[in-house]
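Visitor: build me a model:
(2 chains)
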Amino acid sequence: KAGVTQTPRYLIKTRGQQVTLSCSPISGHRSVSWYQQTPGQGLQFLFEYFSETQRNKGNFPGRFSGRQFSNSRSEMNVSTLELGDSALYLCASSLKGAGLLMNTEAFFGQGTRLTVV
Amino acid sequence: AQRVTQPEKLLSVFKGAPVELKCNYSYSGSPELFWYVQYSRQRLQLLLRHISRESIKGFTADLNKGETSFHLKKPFAQEEDSAMYYCALGPGYNKLIFGAGTRLAVHP
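Guide: Predicted coordinates for the structure are as follows:
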């Protein structure tokens, strides 16, 4: 079974530009979460989607957005890039749409390393 | 506040020595707690979760609600255990709040 696939693996963008990252979950997984990993802040939750609905959002500015398609693939978009957005962006998929106060096992992708210059 | 604290950035031990990676959490409800591991050049993956009470690769972790801790333990470290370990809190809807991580280095 193929794992979570994130594309592209590496990206270099200029300040002020926007970027779209893609995540293909494991087949059959309907929940997709996104995380930002930086040396200073560690792993931080961005948002989670289940059945095309955003159910949970982290503490990030509105420049960070995402969506999920009917085939469960997800994209995240960052507009008006800032130098501080340079990070490894990880996507994770889960089989079930866990409810309130529940989590199911998250399977992570390799990540997309975004560098903003 | 929902927070996970891993006080040690690096834990260095010799092969065969016991290992304890510390994790403390702050959460007002009933926590779901996890340990995730990242071996060199591999993806982040689940090691164990408190509700399953399993022992994976010789590692165990007990949830102590009184001390709000979920320390990861292994009686005899192996070189292949060298990796980055993250403690995580799951408040629901597949959201994970991660600690800063502890790098475990097991020396021969």
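Visitor: wait, B:Tyr93 sits on A:Arg55?
Guide: Yes - with contact defined as Cβ atoms under 8 Å, B:Tyr93 counts as touching A:Arg55 (4.8 Å). (C-beta placed from N, C-alpha, C; glycine too.)
Visitor: name the residues contacting each of those two.
Guide: Contact with both B:Tyr93 and A:Arg55 is made by residues A:Glu48, according to Cβ atoms under 8 Å, 6 or more residues apart in numbering or on different chains.
Visitor: report the contact partners of B:Val13.
Guide: The contact partners of B:Val13, by Cβ under 8 Å, 6+ apart, come to B:19, B:77, B:104-107.
Visitor: from these, pick the one nearest A:Phe108.
Guide: B:Leu104 (18.8 Å; Cβ to Cβ).
Visitor: so what pairs up with the spatially most central residue of chain A in the strands?
Guide: Nearest to the geometric centre of chain A sits A:Trp34, at 2.7 Å (Cα atoms, centre = their mean). With DSSP bridges applied, A:Trp34 shows beta-bridge pairing to A:Phe47, A:Cys91.
Visitor: and the gap between it and A:Asn71?
Guide: 17 Å (Cβ to Cβ, to the nearest Å).
Visitor: please, where are all the strands along chain B?
Guide: Assigned by DSSP state E, chain B shows strands spanning B:3-5, B:10-14, B:19-21, B:24-26, B:33-38, B:45-49, B:60-64, B:69-74, B:83-92, B:95-98, B:102-107.
Visitor: ok, and the closest non-adjacent residue to residue 12?
Guide: With no chain named, the answer covers chain A. A:Thr115 (4.8 Å; Cβ to Cβ, 6 or more residues apart in numbering or on different chains).
Visitor: my bad, the chain I had in mind was chain B
Guide: B:Ala105 is the one closest to B:Ser12 (Cβ to Cβ, 6+ apart), at 4.6 Å.
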